[in-house]
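# based on what follows, work out the 3D shape:
(2 chains)
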Amino acid sequence: MRGGLGHKRGRQLREGAIAGLFFIAATVGAFTTAGIILSLAGETFAFFRVVSFIEFITETQWTPLFSIKKFGIWALVSATVLTSVIALLVAVPVGLMAAIYLSEFANPKARAVLKPALEVLAGVPTVVYGFFALTVMTPFLQRFIDMTLFNSLSPGIVMGVMIVPLVASLSEDAMSSVPQALREGAYGLGATRMEVATRVVVPAALSGIVASIILALSRAVGETMIVAIAAGQNPTFTFDPTVPVMTMTTYIVQVSLGDTPYGSLEYRTLFAVGTTLFVLTFIMNIFSFWFVRRFREVYD
Amino acid sequence: MAVTTVEGFPTRAQFRPRLGFRKVTGAVFTGLGLVAICIGLGLLVWLLIDTFVTGLPWLDWQFLTSFDSRFPDRAGAKAAIYGTAYMMFFTLILALPIGVMSAIYLEEYAQEGKLKSFIQINISNLAAVPSIIYGLLGLQVFVRWMSLERSVLAGSLTMALLILPIIVVATQEALRAVPPSIRDASYAVGATRWETIRHHLLPYAFPGILTGNILAASRAIGESAPLITIGALTYVPFTPNSPLDRFTVLPIQIFNWVSRPQAEFQGVAAAGIIVLLVVLLLMNSVAIFLRQKLQRRF
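Presented below is the predicted three-dimensional model:
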């Protein structure tokens, strides 16, 4: 016999080496997480040796680049919350209705076209949405609402449309996996199509729907380019959607565009803000995974 | 027959089907569903039309072959196009093998247990970390600790880590779609695990893996936040010659043009967006074409 069995030892060695190599590749993800945590934590601790944590979470002014420095994260968090809430106000009703339509009303042919078409929205680079928010959506909204060139309403709305496919796609998956027998049971009792959708399918798929909304929120909180381009660069503690604000992500972009000396307090604010952002999104992601596992209805 | 009444529910005599009302509500509801989809698609169409109308007058040969400039009619995307190509080349060289290997490990080697579920949960978590956080990781680890400065290589490493989870998940799905009978048949004739993977699983899973990688690459091409954080320059009047050169990419160049005060640069930015969207469209069409062409069903 050629090769094969005659080289048993060689084959075993090769198998072992390949398995080892694949395992090493699989640990890269773990090292990435460790790298993220270490690089954020190191500079964040250094930051809190200079700035008190109490000031960080109680102050409402954020002026690290001025001569009188104030480090109140709320000025940035409020902007992030404001733009994200506006985005959700768009994405949740639109995404949910789209999911219900695709899962319960559209015929298979229409769904095969509409679902991928909707997902194109998620593939458009965010810098393009930023450009659209600033040059098209804001002037359009200014016809109806009195507001400044930079504001949180316009990027919020555009960001909301961007995350529609996230809500729609995950919710639709959850609804599609609701067993047909539940729908037929409801039809048997005389329910209309809409009643089946809203009173049987949506409640049965609720865990998946909630998870999709939380993931969408987490995406909105971490979104950078749309708000950096169209929401302004004024760190103010406000919930007025018509004035310029500065989100956490915009701050990171603004400081990165300048030449920040390594080890300066300014450099460390990047990581303090980054840690806040990371912790917020991490909690949301974990909560979303947990929620699906805890409240998933299992059908056989 | 005994009629049981439940408090709060109408008895048979009181029950009114109100079919007309319910049907009208249902029709309105269906209409709302269509409206929702039209809002999403309508904004996409609006965005595309507006970008093309604004950008096409600025899109010419000069735009594609010139470096950036202070004057709108001399500004071009040459450095950004070269930078994007350079960065993507190194990103894929790094991310592709590592991503595919770690997916193979998870699907074909790892035993069910704590280690596997830890790696798996970690991957899903990484996929949901905001991209700008990867930028901070790149800034600290690659730019500072490894002293790569603001080079193509630092950008590629950062981007590779960002798209790794996408590649792993897509490859895992492709491997999972290969039926177990193929593996069993291969083992039955005495093939080792690696021989089974090399000669049977990878050929079958190839279209799926390729599609996943193209989608991951298109994500990286459009991404700008992490590269801004590691300090990819916006004014680069040269094309990179080595992985340690400074660079810029299309999305960052677009961001820079959008931020300029002169109105003409909105047109230049739109021209850059058209180039970016055409590249993405081409990649995605190739992905869809390959999937249709190569996919085997079982």
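# just the endpoints, please. Distance across stretch A:94-106?
Distance between the boundary residues of stretch A:94-106 (CA to CA, to the nearest Å) amounts to 16 Å.
# looking at the stretch 151-300 of chain A, which residue is nearest chain B?
residue A:222 (2.5 Å; CB to the nearest CB). Bear in mind the C-beta positions are built from the backbone N, C-alpha and C, glycine included.
# check contacts around the spatially closest residue to that residue that is not a sequence neighbour.
Residue nearest to residue A:222 in three dimensions, not counting chain neighbours: residue B:130, with 2.5 Å by CB to CB, 6 or more residues apart in numbering or on different chains. Going by CB atoms under 8 Å, 6 or more residues apart in numbering or on different chains, residue B:130 touches A:218, A:219, A:221, A:222, A:223, A:224, A:249, A:277, A:278, A:281, B:225.
# do a quick rundown of the helices in the stretch 51-200 of chain B.
B:61-65, B:78-104, B:114-127, B:131-138, B:152-176, B:180-188, B:193-196 (DSSP state H, counting those that start in this stretch).
# winner for burial among these?
helix B:131-138 (a mean of 28; mean count of other CB atoms under 10 Å in any protein chain shown).
# please export the C-alpha coordinates of that helix as CSV.
Coordinates of each C-alpha in helix B:131-138 appear next as CSV, following Å, rounded to 0.1, in the frame of the first residue of the first chain:
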residue,chain,number,x,y,z
SER,B,131,-16.3,48.6,16.7
ILE,B,132,-14.8,51.7,18.4
ILE,B,133,-13.8,49.6,21.4
TYR,B,134,-11.6,47.5,19.0
GLY,B,135,-10.1,50.8,18.0
LEU,B,136,-9.1,51.5,21.6
LEU,B,137,-7.7,48.0,21.8
GLY,B,138,-5.7,48.6,18.6
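# that helix versus helix B:152-176: what angle between them?
Angle, helix B:131-138 to helix B:152-176, by axes from the mean of the first three to the mean of the last three CA atoms, to 10 degrees: 120 degrees.
# look up how far residue B:167 lies from whichever residue of the stretch 101-250 of chain B sits closest to chain A.
Proximity of the stretch 101-250 of chain B to chain A (CB to the nearest CB) peaks at residue B:130, 2.5 Å away. The gap separating residue B:130 from residue B:167 is 19 Å, by CB to CB, to the nearest Å.
# longest helix in chain A, please.
helix A:8-50 (DSSP state H).
# just after it, pick out the following helix or strand.
helix A:53-58 (DSSP states H and E).
# can you tell me how far the closest residue to residue B:159 other than its chain neighbours is from residue B:13?
Spatially, and ignoring its direct neighbours in sequence, residue B:159 is nearest to residue B:91 (4.4 Å; CB to CB, 6+ apart). Applying CB to CB, the value for residue B:91 to residue B:13 is 72 Å.
# over to residue B:145?
To residue B:13, residue B:145 is 80 Å away according to CB to CB.
# neighbour count winner among the two?
Counted by other CB atoms under 10 Å in any protein chain shown, residue B:145 and residue B:13 do not tie: residue B:145 has more neighbours, with 12 against 6.
# which residues sit in contact with that one?
Residue B:145 neighbours (CB under 8 Å, 6+ apart): none.
# could you do residue A:152 as well?
A:79, A:82, A:83, A:86, A:227, A:231, A:232, A:241, A:243, A:245.
# return the residues in contact with the third one.
Residues in contact with residue A:83, defined by CB under 8 Å, 6+ apart, are A:152, A:155, A:156, A:159, A:220, A:227, A:231, A:245, A:247.
# in what helix or strand does the closest residue to the third one other than its chain neighbours lie?
Read that as residue A:156. Closest residue to residue A:156 apart from its sequence neighbours, by CB to CB, 6+ apart: residue A:86 at 2.8 Å. Assigned by DSSP H and E, residue A:86 belongs to helix A:74-100.
# after that helix comes which helix or strand?
Next element after helix A:74-100 (DSSP H and E): helix A:108-123.
# which SS class is the residue nearest the centre of chain A?
Central residue of chain A (CA atoms, centre = their mean): residue A:219, 0.8 Å from the mean position. For residue A:219, the secondary structure call by DSSP: H, G, I helix; E, B strand; the rest coil comes out as helix.
# that'll do, ta.
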